[in-house]
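J.: Sequence and predicted structure below; questions after.
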Amino acid sequence: MTIVKMITTKLKGSKAMDFAGKRAVITGAASGIGKALAQELVARGAHIVMADITQEPLEAAAQELGQAAAWLVCDVSDHAAVEALAAFVQEKLGGCDLAFANAGVIMSGRAVRATPAEIDWLLGINVRGTWSTASVFTTLMAAQPEGGHLVLTGSEHSLGMQHAGSGIYTASKHAVLGLADVMRAEAPANIKVSVLCPGVVGTALNDQPRPGRLPERRRDPISAHVMARGMTANEAASRTLAGVAAGEFFIVTHPHSLKAAQARLAELEQAYARQAPWFEGAEKWDINVISADILAGQENKA
C-alpha cells in the first residue's frame, strides 16, 4: 500500500473529538502555546500532565489549574526522561489519549555564525526531543484499544514562511513536518497524527534561558515587539484544539502563511517545468510505485 493510500484509509470514518474526560500530556507546558493548551483542555474537561524543563514556572502553571493538572520536570532532549514522563502519565492518568510534542527553542542570528554547541542544543530539543516524545507516546497510545492522537508543533516556517536570522530554527521545523508526514503513514490505524504550524504568537519563546555552556548572544532588540503583536496563545490553542477535534493533519492558525506556501509551490512548479517536465511513464522513479511493484512481485512468487 502506498503512503497516499495509507493516509486516505485512515481519514475514512474519522469523528470529531470531545475533550471531556480525555487524558493528555503537553511538553513545553510552562508557558506560551503549551500553557494555553493546558488551560483550554482543562476547561473542556480533560485531565492533563504538564511537562517542561524548569520547575518553578511549570509548577505554578499546573497549580493554577487545580487537581485536573499534574506536572513533571522533563528535558525532552533526554530520551530516558521522556520515557520517565510516559511512565508518570500512565501512573497519574491511567493512559494517554492526546500527546502534544510542543517543547521547542529558538535562536536568532545568521546560520553560518552558529556554533556546533548551539546547533546540538536547538536540534536536540526541536528535532530529537520531538521524535522522542512522538516515539514514546505513540508506542504507549498504540497499545491501548482506543489508540490516541499525536500533535507535533511545527511552525509556519515548516511551510515556507521564512525570514533572515532563523535558519537553524527553520531547519528544525522542516524536520518536524517531515517526521509528522511519515509518521502518519507509519502509525497503526488507531493513532492519528497532526502537525501544528502556527505563525507569530505572543509568547516568551525568544526569552527562554540558554544553557550555561552556550555563548551569550545579544538579544534581538525588536523580537519582543514582534512577538507582542502576534496572535494570543489562547487563540492559537483554541484553533489547535479545533483542528485536533476535526482530525486535521495540517493544523494552521495564521491565514497569511498560505501565501508563503503558495509562493514556494509556484517556484517549485516553475523549476520542474524547466528542469524535469512530466512525461508519460515518469512515475517509474516514484519510490512508492517501485516499492509496491517489488512487493507485488514477491507476493506472486510466494
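T.: That came through, no problem.

J.: Which parts of the chain are helices?
T.: 3-11, 32-43, 55-63, 79-93, 116-123, 130-142, 167-186, 223-228, 233-246, 257-275, 287-301 (DSSP state H).

J.: CSV for the ones you listed, including mean pLDDT, distance to residue 159 and mean neighbour count?
T.: Any C-beta I mention is one placed from the backbone N, CA and C, and that applies to glycine too. Output for the helices of the chain, formatted as CSV (pLDDT from 0 to 100; distance: least, C-beta to C-beta, whole Å; neighbours: other C-beta atoms under 10 Å):
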stretch, mean pLDDT, distance to residue 159, mean neighbour count
helix 3-11, 46, 18, 13
helix 32-43, 97, 17, 24
helix 55-63, 97, 29, 16
helix 79-93, 98, 26, 17
helix 116-123, 94, 19, 16
helix 130-142, 98, 17, 22
helix 167-186, 96, 8, 19
helix 223-228, 66, 19, 13
helix 233-246, 96, 14, 19
helix 257-275, 96, 4, 12
helix 287-301, 88, 23, 11
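
J.: Residue 99: what's it in contact with?
T.: If you count contacts by C-beta atoms under 8 Å, 6 or more residues apart in numbering, residue 99 has them with 24, 25, 133, 134, 137, 138, 140, 141, 148, 149, 150, 151.

J.: if we go to 6 Å?
T.: 25, 137, 150 (C-beta atoms under 6 Å, 6 or more residues apart in numbering).

J.: and if you look at residue 146?
T.: Neighbours of residue 146 in contact, by C-beta under 6 Å, 6+ apart: none.

J.: redo that, cut-off 7 Å
T.: Under the criterion of C-beta atoms under 7 Å, 6 or more residues apart in numbering, the neighbours of residue 146 are residue 190.

J.: so what pLDDT did it get?
T.: Looking at residue 146, its pLDDT stands at 96.

J.: now swap in the one 3 residues further on and tell me
T.: Each residue has a pLDDT score; the one for residue 149 is 98.

J.: could we number from 32 for the rest of this?
T.: Sure thing, new numbering starts at 32, so read that last one as residue 180.

J.: pretty sure it contacts residue 129?
T.: Yes: Residue 180 is in contact with residue 129 according to C-beta atoms under 7 Å; the separation is 5.2 Å.

J.: Please enumerate the shared neighbours of those two.
T.: With C-beta under 7 Å, 6+ apart as the test, residue 180 and residue 129 reach no residue in common.

J.: circling back: pipe the contacts of residue 130 into a markdown table and attach distance to residue 116 per row.
T.: A markdown table is the format used below for the contacts of residue 130 (distance: C-beta to C-beta, whole Å):
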| residue | distance to residue 116 |
| --- | --- |
| 56 | 7 |
| 168 | 9 |
| 181 | 14 |
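
J.: partners of the closest residue to residue 280 other than its chain neighbours in the sheet?
T.: With sequence-adjacent residues excluded and distances taken as C-beta to C-beta, 6 or more residues apart in numbering, residue 280 is closest to residue 225, at 5.7 Å. Beta-bridge partners for residue 225, by DSSP bridges, are residue 182.

J.: Pull the number of nearby residues for residue 225.
T.: Residue 225 sits with 23 neighbouring residues when counted by other C-beta atoms under 10 Å.

J.: circling back: closest to residue 231 out of the helices of the chain?
T.: helix 254-259 (6.4 Å; C-beta to C-beta).

J.: And the pLDDT at residue 238?
T.: On the pLDDT scale, residue 238 gets 60.

J.: ok, residue 67 - contacts?
T.: By C-beta under 7 Å, 6+ apart, the neighbours of residue 67 are 264, 265, 267, 268.

J.: picking that back up, specify the stretch among the helices of the chain that is closest to residue 245.
T.: Closest among those, using C-beta to C-beta: helix 147-154, at 5.6 Å.

J.: I'd like to know which elements that closest one is packed against.
T.: helix 198-217 (3 or more C-beta pairs under 7 Å, 6 or more residues apart in numbering; DSSP states H and E).

J.: Show me what the helix it packs on is packed up against.
T.: helix 34-42, helix 147-154, helix 161-173, strand 179-184, strand 222-228.

J.: what residues does that helix touch?
T.: 34, 37-38, 137-138, 142, 145, 150, 153-154, 157-158, 161-162, 165, 183, 185-186, 188-189, 193, 224, 226, 280.

J.: my read: the residue nearest to residue 280 touches residue 279, true?
T.: Yes: here residue 225 reaches residue 279: they are 6.0 Å apart, a contact under C-beta under 7 Å.

J.: center of the chain - which residue?
T.: In the chain, the C-alpha closest to the average C-alpha coordinate belongs to residue 183, at a distance of 1.8 Å (C-alpha atoms, centre = their mean).

J.: Test for you: state the pLDDT assigned to residue 130.
T.: 98.
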